[in-house]
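1. Give me coordinates for this.
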Amino acid sequence: MKQAIRNAAATVAAVLVLAAATAAGAGELPDGDATDGKTFYWRGLAADGEPVPTIVQGDVESTSDNFTCVGCHRPSGFGSSEGGTYVPPITGEILFSDRLLDRERRNRRFRELFKQEHGASFDARIRMPNMRPAYNEETLARAIREGVDAAGRKLGGAMPRYKLSDRDVANLVAYLKDLSAEKAPGVGEDTMHLATVIGPNVDEARAQAMLTVMREFVDWYNKDIQHKMDLPGFSTYYRSEFADAFRVWDLHVWRLEGDRSSWREQLEAKYAEQPVFAVVSGLVDGPWVPVDSFCDANKIPCVFPNTVLPDTDNANYGYSVHFSRGLELEGEALATYLGREDTLPGRVHQIHAASAEGRVPAEAFAERLGQAVPEAELTTAQADTAAAIKERIAEAAEDAGEVLAIWPGDHARAAVEALNVHAPSAGTIALPSTALEVAKAHLAEPLRAKVRLTHPYEKPTGYHPRTYRLRARLNSRGVDITHERLQLQTYYAMTQMEFSVGHLVTDFYRDYLMEYIESEAEAELNPGTHPELSLGAGVRFASSGAYIVRVDPDAKDGYRAVSDWVTP
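-> Numbering: from 1, shown residues only. Below you'll find the model as predicted:
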């Protein structure tokens, strides 16, 4: 009930916002400030920084910060559907145009009908004509304040009635008029441009494994789309009705060079040469942060890159969506796991490489350990090289406390070799998932009972039907599966684009794409890389936990889980 009220409230909020854009009934509105209007749309705060009184469901008193426009109408302004509630679009182009029984409106509603299961009341409402004239300032202000639309009909009770001043109404209208006003770059009359990013020093075999999957997908997708475009007058299941939405994909491979500090400039240059609608998948060694910042600055969706070091700061409602927080998550998961053990550790020693691959999980581990096991004594040692990693492990071998956590970065082989030689006395020795293959191949048998690895992926015994279908498809297309997780994750990113772009019809707006990715992430598209993948409004990390595993040559894939799914 509460969710339905919020959804309806947001609907009212959006329409009311626009209604307020017009005159409040006492004359023309002042010139609006779109920046202040955005603040109200996103946070429910008026120009003075305070929320305004709001009425919901006829007599429920509240404030606008509890019923923000963005909560239901979303960043794009194209609305949403959830819990049997249809939230209509409120972009300026739609609000200030007549609502007619035309093909464009029917096609827009078609995607809502088939996006998810809906109840009878939803289907009835979305099929109602509800034609109306275009809003003007007077009727829009009335809608926002009184809940009456441009045709004089009463809006649903879930749509809030905001007690906005003329100034605040004008601000909101100024923002809405430009909301999703221009379609995104990178989409032409018959082509949609996409890019993928490959960093310098990336293992070429891994890069080619990723690119082969992407190119196979694009080839298949384009053949299907081209077939539809070649038959403009006929296709099954009403596909010809959407002929103007069809675009073949042109995949651009953006290879970066040199130092990480120059990547942003390189990306800007490549984008200036050929704008793209989205960046899909991708692969770099080390932090993905420069690509994240580029995509956020240019409002370009960055869809599920292959990285263990995403930008996790201020990620909510960002333009990059990731599988998980990677090594940062692994550090937190290990500390949470230790906090759940029957015998909590009294002393913990960690060794980490100086690189981001070592430093990021070490810092996350230390912070979360202080919360999970506040009484534990933690000591930390940093090592800049493989030789230094070995030396630190040798030093810790005699007395590292109950737990020795090692975050070796690129030096996993050196860490395992040192463990084999020095056999630390610690009862538990922890390594990250990036060391799993090395541990399976080289860890000495006596250490297998002690060594634990964080593993933010599905365990070998996990069952995902799509995994088998996807392997069969890649094999049938002549794609060798040489780097399974990398290739399955890449395929997932491409599938997300296919499904989400298909819902846009001709509304090629990037915020709208992000909203559909949020919705589609938990559909039956998971190829088995993670136990579960799901997003929500503004959420940018689809998986939030990890298993703790140990090496076991007799187990499937050479390791087995020793914990349940650990969510920090």
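2. Pull the number of nearby residues for the nearest residue to Asp557 once chain neighbours are set aside.
-> Spatially, and ignoring its direct neighbours in sequence, Asp557 is nearest to Pro460 (4.0 Å; C-beta to C-beta, 6 or more residues apart in numbering). No exception for glycine: its C-beta is placed from N, CA and C like everyone else's. Neighbours of Pro460 under the rule other C-beta atoms under 10 Å: 15.
3. again with Pro374
-> Neighbour count of Pro374, defined by other C-beta under 10 Å: 9.
4. right, and the secondary structure at it would be what?
-> Of the three states, Pro374 takes coil under DSSP: H, G, I helix; E, B strand; the rest coil.
5. Against Gly339, how distant is it?
-> From Pro374 across to Gly339, the span is 9 Å (C-beta to C-beta, to the nearest Å).
6. now Asn130
-> According to C-beta to C-beta, Asn130 and Gly339 sit 55 Å apart.
7. So if I had to pick from those two, which one is more boxed in?
-> When Asn130 and Gly339 are compared for neighbours, Gly339 comes out ahead with 18 against 14, by other C-beta under 10 Å.
8. and that one, backbone torsions?
-> phi -70, psi -20 (degrees, to the nearest 10).
9. Is Trp407 bridged to anything, and to what?
-> Residues in a beta bridge with Trp407, per DSSP bridges, are His352.
10. What pLDDT does the model give it?
-> On pLDDT, Trp407 comes in at 98.
11. Quick check: which ranges of this protein have low pLDDT?
-> Applying pLDDT under 70 to the chain flags residues 1-27, 82-84, 100-129, 232-242.
12. 50 instead, please
-> Scanning the chain for pLDDT under 50 picks out the ranges 1-26, 113.
13. Give me the longest helix you can find in it.
-> Using DSSP state H to define each element, the chain has its longest helix at helix 204-229.
14. packing partners for it?
-> With contacts defined as 3 or more C-beta pairs under 8 Å, 6 or more residues apart in numbering; DSSP states H and E, helix 204-229 has these neighbours: strand 191-198, strand 248-255, helix 484-504.
15. Let's see that with 7 Å instead.
-> strand 248-255, helix 484-504 (3 or more C-beta pairs under 7 Å, 6 or more residues apart in numbering; DSSP states H and E).
16. Give me the buried stretch members for that helix, please.
-> Buried residues in helix 204-229, counted by 16 or more other C-beta atoms under 10 Å: 206-207, 209-214, 216-218, 221-222, 225.
17. can you map out the helices along the stretch 201-350 of the chain?
-> Remark: helices assigned in the stretch 201-350 of the chain by DSSP state H, counting those that start in this stretch are 204-229, 263-273, 289-298, 327-340.
18. Can you add distance to Ala441 and give those back as TSV?
-> Listed next are the helices of the stretch 201-350 of the chain as TSV, based on distance: least, C-beta to C-beta, whole Å:
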stretch	distance to Ala441
helix 204-229	17
helix 263-273	33
helix 289-298	31
helix 327-340	20
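19. Touching, Ser62 and Pro51? I think so.
-> No. Ser62 is not in contact with Pro51 according to C-beta atoms under 7 Å; the separation is 8.9 Å.
20. Now do the shared contacts for those two.
-> Shared contacts of Ser62 and Pro51 (C-beta atoms under 7 Å, 6 or more residues apart in numbering): none.
21. Can you show me the strands along the stretch 451-568 of the chain?
-> Under the criterion DSSP state E, counting those that start in this stretch, the stretch 451-568 of the chain contains strands at 451-455, 547-551, 559-561.
22. Not counting the first one itself, show me its contacts.
-> Residues external to strand 451-455 that are found in contact with it (C-beta under 7 Å, 6+ apart): 330, 333-334, 428-433, 435-436, 439, 443, 546-551, 562.
23. Could you do the last one as well?
-> Applying C-beta under 7 Å, 6+ apart, the external contacts of strand 559-561 come out as 436, 440, 459-460, 547, 549-552.
24. could you redo the last one with a cut-off of 10 Å?
-> Here strand 559-561 makes contact (C-beta atoms under 10 Å, 6 or more residues apart in numbering) with 436-437, 439-440, 448, 453, 455, 458-462, 546-555.
25. How far does it sit from its chain's centre?
-> 28 Å (C-alpha atoms, centre = their mean, to the nearest Å).
26. what number of residues lie near Met514?
-> 28.
27. Cross-check the contact I'm expecting between it and Arg74.
-> Yes. Counting by C-beta atoms under 10 Å, Met514 touches Arg74, with 9.0 Å between them.
28. Now do the same contact list for Leu251.
-> Each residue near Leu251 by C-beta under 10 Å, 6+ apart is listed here: 192-196, 211, 214-215, 217-219, 221-222, 276, 280-281, 494.
29. same thing but at 8 Å, please
-> Applying C-beta atoms under 8 Å, 6 or more residues apart in numbering to Leu251 gives the contacts 194-196, 214-215, 218, 280.
30. Out of the residues you listed, which is nearest to Arg466?
-> Arg466 has its nearest neighbour among those in Met214, at 17.9 Å by C-beta to C-beta.
31. That closest one reaches Gly282, doesn't it?
-> No. Using C-beta atoms under 8 Å, Met214 is not in contact with Gly282; the gap is 9.8 Å.
32. Between the two, which contacts overlap?
-> Thr196.
33. Near the closest residue to Thr68 other than its chain neighbours, how many other residues are there?
-> Closest residue to Thr68 apart from its sequence neighbours, by C-beta to C-beta, 6+ apart: Gly44 at 4.4 Å. Gly44: 24 surrounding residues under other C-beta under 10 Å.
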